[in-house]
Structures are given as structure tokens and as C-alpha cells.
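In: Need the 3D shape of this:
(one chain, ligands or ions: 1)
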Amino acid sequence: MARSDDLDQQLREHLAFYMELGVSGFSREAAWRDRDDRSHADPAAASVDATVAAVLEATNSIEHGAPAAAPERTTEAAAQLEAIRAEVGPDCARCKLHGLGRRQVVFGVGTPAADLMFVGEAPGADEDVQGEPFVGRAGQLLTKIIEAIDLTRDQVYIANVIKCRPPGNRNPEPDEVATCEPFLFRQVQVIRPRVIVALGSFAAKALLRTSDPISRLRGQVFRYGDALLIPTFHPAYLLRNPGSKREVWEDMKKVRALLAAAASSKG
Ligand code: URA
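Out: Model (predicted):
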């Protein structure tokens, strides 16, 4: 395929994806990008906007310390993450998953000083082979979701509650979660993201210490230490229920607004 056809095709796919997410239009004007479009919003979106406004106000009072992108902070965080990775070890046998067919530990990927962190459930078959979270079909959808808010996978950090693939992609069991989640909590402490997106109920429940279902948690913004946490639907759920992409897009717009507010409060 010629290069311009290739670009054309990519653009078509990108636009089709935005439409699926419920994006209503585009403009190159900065003023349009920053517009207040609440007048077009439906009642559900309006209540979400009210939550965001309250959270943005609260965000301004959060102490974040040094800017996350400072090179020395990135180097330090990278070293600390490597220390945690080494402690987990390539042959971790702390829970029964090591004997149930997992190929490798899938630790996490992205920049160590990310402002935005995504937390999923557990590696699937593709992640188990490649050693990187969210690289299969659900992962490709997550990549598009990240790109829809003008970021790349390299600019965020992605990890899971548990680091080894459960056999046949079954749900993680409570003892497996209890054994592995402390490593996720330490990853979050080192990365110090401003916003955490919990993908699906396992991530939301582990981070928020709640038994509430994701359907009740989504649409709300929570505090998680110095970060704000937004629970949303897991990309694998979206593959089965594409109609819910619109709600995830609402959540991602909130994420984008919170990141922008945090960046401007850096001074
Ligand atoms: N689903 C997850 O929760 N995590 C992955 O890494 C892949 C699929």
C-alpha cells in the first residue's frame, strides 16, 4: 500500500474509533478544543462534569512535591522500580500461579515517573508470551483509548494487580491477589501518578478496598493517597460490550481534564 493510502487508512480508523467513543466533532482551533461544551451534554454527563469541577478544585490543594518529569526523579523512580522487579524475581513462586502454566512474570511497562497510571487485572495469554501488560486485543483497545487523550503508551505506566497469568484466563483468586497486590501498591508509591485509572472491578476493588461492583464505582472520582483514582470499564469488557465505550470516553475526558489541571498547578 502506498504511504498516503496507509495514512488515509489510519486516519479513517482513528476517526471511526473516535466516533465509536462518542466524540461529536473535531476542529484544529485551540479555542474549540478548550471550549465549554456542557450546554450539549446530557443530564448524566452534566453530573459527571459537576464531579470533575469539584475534584479539580480539590486537586489544587494536593501537594505533589517535585514535578514528575524532573530527570533526577525519573532516574530515581526507575531504579526503585527495578529494585521491586528484582525482588519479585523472574521465577516468583510466592503463589500457586507459578505452578499453573505461567511463562513469565509480567511486571509493568511505561515511564517510571508517569502522571497517569493504568491498572488492570492480570496478564492474559499474549501478555504471558510477550512479558508486557495489555498487548493482546484488550491491550490494543487500551492503546487506542490512551491515544484518544493525546498520549502514548510510553508516556504512561501500565501494570496489573497480579503479575502472572491465571490458567485459562480465569479470575484471580483471593490468595493470589493478597500475595501479589503489595507489589502493585509499591509500584504506585514509586511512580506517584497524579491520576490512576482502575480498569475493571479487580483493579478498583484492590486499590479502593471495596467490594462495590465496577458498575457502581464508575462515574466517581476517588482519592488514592496523593493521586485521584478513576474506575472505568476494563477494555476486555468493552470488546464484549462496545456500547459502553461512550462511558469510558466520558471517564477519559475527566482524566484529561485532571491531568491538565495538575500540570497547570505545577506553575
Ligand atoms: N487484561 C488485563 O487485565 N491485563 C493485561 O495485561 C491484559 C489483559
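
In: Quick check: residues of the stretch 51-200 of the chain near the ligand?
Out: Taking C-beta under 6 Å from any ligand atom as the contact definition, the stretch 51-200 of the chain meets the ligand at Gly120, Glu121, Ala122, Pro123, Gly124, Glu127, Pro133, Phe134, Gly136, Ala138, Gly139, Asn160. The way it works is simple: take the backbone N, C-alpha and C, and place the C-beta from them, glycine included.

In: burial of the third one, as a residue count?
Out: Read that as Ala122. 26 (other C-beta atoms under 10 Å).

In: Now do the same for it: its pLDDT.
Out: On the pLDDT scale, Ala122 is placed at 98.

In: leaving aside the residues next to it on the chain, what's closest to it?
Out: Distances taken as C-beta to C-beta, 6 or more residues apart in numbering place Ile162 nearest to Ala122, at 4.5 Å, with adjacent residues excluded.

In: Can you get me a residue count around that neighbour?
Out: One way to gauge burial is a neighbour count; for Ile162, by other C-beta under 10 Å, it gives 26.

In: Was I right to think it contacts Gly124?
Out: No - Ile162 is beyond contact range of Gly124, at 11.7 Å (criterion: C-beta atoms under 8 Å).

In: Spit out the residues that contact the two alike.
Out: Common contact partners of Ile162 and Gly124 (C-beta atoms under 8 Å, 6 or more residues apart in numbering): none.

In: State the distance from the residue of the chain found nearest the ligand to Gly131.
Out: Nearest residue of the chain to the ligand: Gly120, at 2.9 Å (C-beta to the nearest ligand atom). Using C-beta to C-beta, to the nearest Å, one gets 15 Å for the distance from Gly120 to Gly131.

In: The two: who's more crowded?
Out: Regarding Gly120 and Gly131, a neighbour count based on other C-beta under 10 Å identifies Gly120 as having more, with 27 against 15.

In: Specify the beta-bridge partners of that one.
Out: For Gly120, the residues forming beta bridges with it (DSSP bridges) are Asn160.

In: For it, which residues are in contact?
Out: Pro133, Phe134, Leu142, Ile158, Ala159, Asn160, Val161, Leu199, Gly200, Phe202, Ala203, His234.

In: what ranges do the strands span in this structure?
Out: Under the criterion DSSP state E, strands of the chain are mapped to 109-110, 116-120, 157-160, 195-199, 222-224, 227-232.

In: hang on, isn't Asn169 packed against Pro123?
Out: No - between Asn169 and Pro123 there is no contact, the gap being 9.3 Å when judged by C-beta under 8 Å.

In: Next one, pLDDT for the residue sitting nearest the centre point of the chain please.
Out: For the chain, the residue nearest the mean C-alpha position is Phe118 (2.2 Å; C-alpha atoms, centre = their mean). At Phe118 the predicted local confidence, pLDDT, stands at 99.

In: Over to the one 10 residues further on?
Out: Taken from the predicted model, the pLDDT recorded for Asp128 is 98.

In: and the spatially closest residue to it that is not a sequence neighbour, how many neighbours?
Out: Counting by C-beta to C-beta, 6+ apart, Asp128 lies nearest to Arg165, which is 4.0 Å off, once chain neighbours are set aside. Other residues near Arg165 come to 26 when the count uses other C-beta under 10 Å.

In: Distance check, Arg165 against Leu239.
Out: According to C-beta to C-beta, Arg165 and Leu239 sit 18 Å apart.
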